[in-house]
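Q: sequence first, then the predicted structure:
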Amino acid sequence: MNFLRPGGAVVALAFLCASPGAWANTWHVDCTQSPPTLALNGGSGTAFGADPGGLSTPDALGALLGTPTQGTEAAIQTDFGATLAGGDLVEITGICVQDIYVRTFGITITGHLGNIALYQSAAAQALASGLPTDGITGEVQVVGASRVEFNDILFGTTSGTATLATSGYPDADLALLLVRENANVLLENCLIQNSPVRGIDVYDTSSIYLFSTTVTNNGTGDGNERTNSGVAATDTASLILGSSAAPGSSANTYAPLISNNAGDGVYLNSGSSMKMWAGTITGNLQKQVRIVGSAASITGNNAGVATITAPGGSTEDAIGVIAGGLLVEAGASVQAGSGGSAISLEAGSGALLQGSNFSGGTITIEATGTSTIALAGGNIICNGSLSGSTCSTPFATAAISIDHVSAFVEAIGITGYNFAALGDTIYGNGTIQLQSSMDLGAGTPGGQQSITWTTKAGGSITASQNSSLRLNGGVQLYGAIKLTQGSNGFFNLSTGSNNVTGGVSCPWTQIPSAHVAGPTFVSPTLVLSSSPLAQSTTASQCLGF
């Protein structure tokens with residue numbers, strides 16, 4: 001099968017489709033024995049280590065794969081006439097208590113059932129086959145090795161908190177699974193849970209793919225988002241969730257689940273990236289996805305198979321972006337808790353949103369600090385509860401908030417993307433403040449208004465503190481527009497009509513200061529003040545340019 005490699009190249013990974021007969025060698029580690037045993041190609045088992053676990057005396061798995069301080073045991077070559085090599089399969093029975101390094105490229109590590117392939121979501125996989133019962137309790141590091149696959153493996157414990165070594169080798173006590181030094185790893189049908197710190201940590205230009213895998217209940221909740229995250233990707237690392245096309249299917253499958261971790265569900269930092277083809281990120285105690293100086297692309301594959309949902313009472317943003325980039329497209333869904341936002345952009349961040357649903361929160365989508373949000377059509381933004389395409393009322397505060405020199409713009413028909421020409425729909429109030437701007441209207445794609453915006457009953461889109469609002473045509477606003485504190489409105493009919501049921505006004509108390517260009521290009525037609533400084537001028541009239 002094919003899946004996307006970071007950077008955009010599509011590669012065929014033969015080891016994903018390999019059958020048991022394709023392996024160069026099959027090693028079997030039995031950790032139900034005391035001490036654990038190791039066998040090659042169905043031969044008799046050899047015991048390694050009187051004390052399973054620890055660093056000084058590796059057990060059978062540590063002897064085969066390598067421990068942090070010792071590497072592969074010389075006895076492997078002596079007893080079996082072979083050592084672990086690329087193309088080998090390692091089968092584990094039971095739970096091995098061992099901190100290990102993996103440095104051999106092209107190997108597959110599985111449970112005792114072998115390299116199973118279940119082309120479905122993590123939840124469906126768990127129902128079909130049960131959770132993995134074979135695995136590793138300890139810290140597993142994949143160091144500089146590419147094409148390493150784990151299949152049907154438990155990292156951590158079935159209950160209680162896993163114990164990780166706190167010293168003795170580099171990067172001890174960071175996560176149940178570390179992927180570093182340009183390594184490349186695939187997890188399929190795996191479970192990563194009950195870590196005292198992170199579940200997965202990938203860094204140093206490494207990449208990890210999560211297929212039908214669950215990452216849950218990791219971290220202690222001490223307030224450090226990276227320490228407690230389900231998955232952390234830093235230092236130009238790449239995280240890929242799900243696959244764009246499963247064998248024999250046109251829909252997106254292999255959907256992983258990242259849930260109920262004590263920190264962020266996913267934490268991206270320092271030039272790292274996430275491509276989410278499918279999956280669910282939900283119930284994590286801090287942000288579901290935190291992006292810092294990094295980028296994320298989330299696609300629902302037009303089937304709604306990528307969902308990000310904050311806990312109901314959460315005050316954290318579902319997706320928080322600082323100095324980073326975000327693309328949400330093709331039927332993805334992002335839902336905020338009652339006190340946060342679905343998407344929050346800060347410090348020069350940018351987001352392009354297309355064909356997806358965004359709901360909930362005190363403010364559903366916000367941008368601040370020279371950030372930009374662009375709508376590419378087909379979005380539903382609901383400052384309330386969204387069921388299908390129906391948004392409940394009353395709304396909380398605002399659907400859209402743009403402030404501190406930030407921008408909100410419609411970009412329907414943007415070049416370079418195969419986006420359908422569809423209108424956007426927004427439910428809730430809007431605010432533009434502190435020298436920010438909002439640019440709405442891109443004609444009538446598919447015969448519909450490019451944007452249909454319904455404010456809260458009696459509500460408005462309000463611009464303040466020297467901000468600007470532009471309607472270009474193709475706008476239907478069920479509500480009012482208020483221009484205040486030196487803000488400006490610009491109306492033209494270059495791409496269609498501008499209909500504002502609540503009208504346009506410029507409230508002021510001392511001296512009128514808000515201006516409008518094109519007052520006849522909005523319906524109802526706006527009447528400007530003929531004498532801006534006269535005392536008889538009403539406190540809602542706008543000035544002309």
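A: Received, thanks. From a predicted model like this one, the values you see are computed outputs, not experimental measurements. Numbers count the residues shown, from 1 in each chain.

Q: tell me the pLDDT of the residue nearest to the spatial centre of the chain.
A: For the chain, the residue lying nearest the average C-alpha position, counting by C-alpha atoms, centre = their mean, turns out to be residue 289 (4.9 Å). Reported pLDDT at residue 289 in the predicted model: 98.

Q: that one reaches residue 280, doesn't it?
A: No. Counting by C-beta atoms under 8 Å, residue 280 is not a contact partner of residue 289; they are 11.9 Å apart. Quick note: C-beta positions are derived from backbone N, CA and C, even for glycine.

Q: now the common contact residues for those two.
A: Residues touching both residue 289 and residue 280 (C-beta atoms under 8 Å, 6 or more residues apart in numbering): residue 308.

Q: circling back: residue contacts, the residue nearest to the centre of the chain?
A: Contacts for residue 289 (C-beta under 8 Å, 6+ apart) come out as 264, 265, 266, 268, 274, 281, 296, 308, 318, 319, 320.

Q: give me the below-cutoff pLDDT ranges for this protein.
A: Across the chain, residues meeting the criterion (pLDDT under 70) sit at 1-21, 49-57, 69-74, 118-129, 226, 245-252, 394-396, 531-537.

Q: where along it do the helices fall?
A: Using DSSP state H, the helices assigned to the chain run over residues 60-65, 74-80, 122-129.

Q: residue 527 is in contact with residue 544, isn't it?
A: No. Under the contact definition of C-beta under 8 Å, residue 527 does not touch residue 544, with a separation of 10.3 Å.

Q: any common contacting residues for these two?
A: What both residue 527 and residue 544 touch, as defined by C-beta under 8 Å, 6+ apart, is the set residue 519.

Q: which among the contacts of residue 289 count as buried?
A: In terms of neighbour count (16 or more other C-beta atoms under 10 Å), the buried residues within the contacts of residue 289 are 264, 265, 266, 268, 274, 281, 296, 308, 318, 319, 320.

Q: including distance to residue 364, could those residues go into a markdown table?
A: As requested, these are arranged in a markdown table below (distance: C-beta to C-beta, whole Å):
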| residue | distance to residue 364 |
| --- | --- |
| 264 | 20 |
| 265 | 19 |
| 266 | 20 |
| 268 | 22 |
| 274 | 22 |
| 281 | 18 |
| 296 | 18 |
| 308 | 13 |
| 318 | 10 |
| 319 | 11 |
| 320 | 14 |
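
Q: pick out whichever of those residues sits closest to residue 326.
A: Here the nearest of those to residue 326, counting by C-beta to C-beta, is residue 296; it sits at 5.5 Å.

Q: and the gap between the closest residue to the closest one other than its chain neighbours and residue 94?
A: The shortest distance from residue 296 to any residue other than its chain neighbours is 4.2 Å, reached at residue 274 (C-beta to C-beta, 6 or more residues apart in numbering). Note on residue 274: its distance to residue 94, by C-beta to C-beta, to the nearest Å, is 33 Å.

Q: and for residue 297?
A: Counting by C-beta to C-beta - residue 297 and residue 94 are separated by 39 Å.

Q: kindly report the same for residue 285.
A: The separation that residue 285 has from residue 94, given C-beta to C-beta, amounts to 32 Å.

Q: so which of these two has more stuff around it?
A: Between residue 285 and residue 94, counted using other C-beta atoms under 10 Å, residue 285 has the larger neighbour count: 20 against 16.

Q: you'd agree the more buried one is up against residue 221?
A: Yes. Here residue 285 lies in contact with residue 221, judged by C-beta under 8 Å, at a distance of 6.0 Å.

Q: any shared contact partners between those two?
A: Residues touching both residue 285 and residue 221 by C-beta under 8 Å, 6+ apart: 228, 262, 263.

Q: Serialize the residues you listed to CSV and add fields for distance to residue 181 and neighbour count.
A: What follows is the shared contacts of residue 285 and residue 221, written out as CSV (distance: C-beta to C-beta, whole Å; neighbours: other C-beta atoms under 10 Å):
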residue, distance to residue 181, neighbour count
228, 24, 26
262, 27, 24
263, 24, 27
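
Q: format the residues you listed as CSV; extra columns: distance to residue 184.
A: Supplementary listing: these in CSV, determined by distance: C-beta to C-beta, whole Å:
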residue, distance to residue 184
228, 25
262, 28
263, 25
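
Q: hmm, back to that, closest to residue 478 out of the buried ones among the contacts of residue 289?
A: residue 318 (26.4 Å).

Q: roughly how far does that closest one sit from residue 528?
A: Applying C-beta to C-beta, the value for residue 318 to residue 528 is 42 Å.

Q: closest to residue 355 among the buried ones among the contacts of residue 289?
A: Within the set of the buried ones among the contacts of residue 289, residue 308 lies nearest residue 355; the separation is 15.3 Å, counting by C-beta to C-beta.

Q: pull the contacting residues for the closest one.
A: In this structure, residue 308 makes contact with 265, 280-282, 288-289, 298, 318-319, 332-335, judged by C-beta under 8 Å, 6+ apart.

Q: out of the residues you listed, list just those in strands.
A: 280, 281, 282, 289, 298, 319, 333, 334, 335 (DSSP state E).

Q: report the contact partners of the last one.
A: What that stands for is residue 335. Residue 335 sits next to 307, 308, 309, 310, 318, 342, 358, 359, 360, 386 when contact means C-beta under 8 Å, 6+ apart.

Q: what about the first one, how many neighbours?
A: Taking other C-beta under 10 Å as the neighbour definition, residue 307 ends up with a count of 21.

Q: tell me the bridge partners for it.
A: With DSSP bridges applied, residue 307 shows beta-bridge pairing to residue 280, residue 333.

Q: wait, isn't it in contact with residue 283?
A: No. With contact defined as C-beta under 8 Å, residue 307 does not count as touching residue 283 (11.5 Å).

Q: mind listing the strands for the stretch 51-200 of the chain?
A: Taking DSSP state E, counting those that start in this stretch as the test, the strands found in the stretch 51-200 of the chain are 89-93, 95-97, 100-102, 108-111, 135-137, 140-143, 148-151, 154-156, 175-180, 184-188, 191-193, 198-202.

Q: hang on, residue 30 packs against residue 45?
A: Yes. With contacts counted by C-beta under 8 Å, residue 30 reaches residue 45, the gap being 6.0 Å.

Q: more neighbours, the two?
A: residue 30 (21 against 15).

Q: and the gap between that one and residue 136?
A: Plainly put, residue 30 is 14 Å away from residue 136 if you go by C-beta to C-beta.

Q: same thing with residue 291?
A: 30 Å.

Q: same question, residue 91
A: Shown here: residue 91 relative to residue 136, a distance of 13 Å by C-beta to C-beta.

Q: before we move on, what about residue 222?
A: 25 Å.

Q: more neighbours: the two, which one.
A: Of the pair residue 222 and residue 136, residue 136 is the one with more neighbours under other C-beta under 10 Å, namely 27 against 10.

Q: bridging residues for that one?
A: With DSSP bridges as the criterion, the beta-bridge partners of residue 136 are residue 96, residue 155.

Q: residue contacts, residue 201?
A: The contact partners of residue 201, taken as C-beta under 8 Å, 6+ apart, are 171, 174, 175, 177, 178, 179, 180, 231, 232, 234.

Q: who does the spatially closest residue to it that is not a sequence neighbour bridge with?
A: Leaving aside its chain neighbours, residue 201 sits nearest to residue 175 (3.9 Å; criterion: C-beta to C-beta, 6+ apart). Residues found in beta-bridge contact with residue 175 (criterion: DSSP bridges) are residue 198.

Q: thought residue 175 was touching residue 196?
A: No. Taking contact to mean C-beta under 8 Å, the distance of 9.8 Å between residue 175 and residue 196 leaves them out of contact.

Q: looking at those two, which is more packed in?
A: Set side by side, residue 175 and residue 196 give different neighbour counts by other C-beta under 10 Å, the larger being at residue 175 (28 against 19).

Q: residues contacting the more buried one?
A: Shown here is residue 175, whose contacts under the criterion C-beta under 8 Å, 6+ apart are 139, 195, 197, 198, 199, 200, 201, 232.

Q: can you report how many residues neighbour the second one?
A: Translated: residue 195. Neighbouring residues of residue 195 were enumerated by other C-beta under 10 Å; the total is 32.
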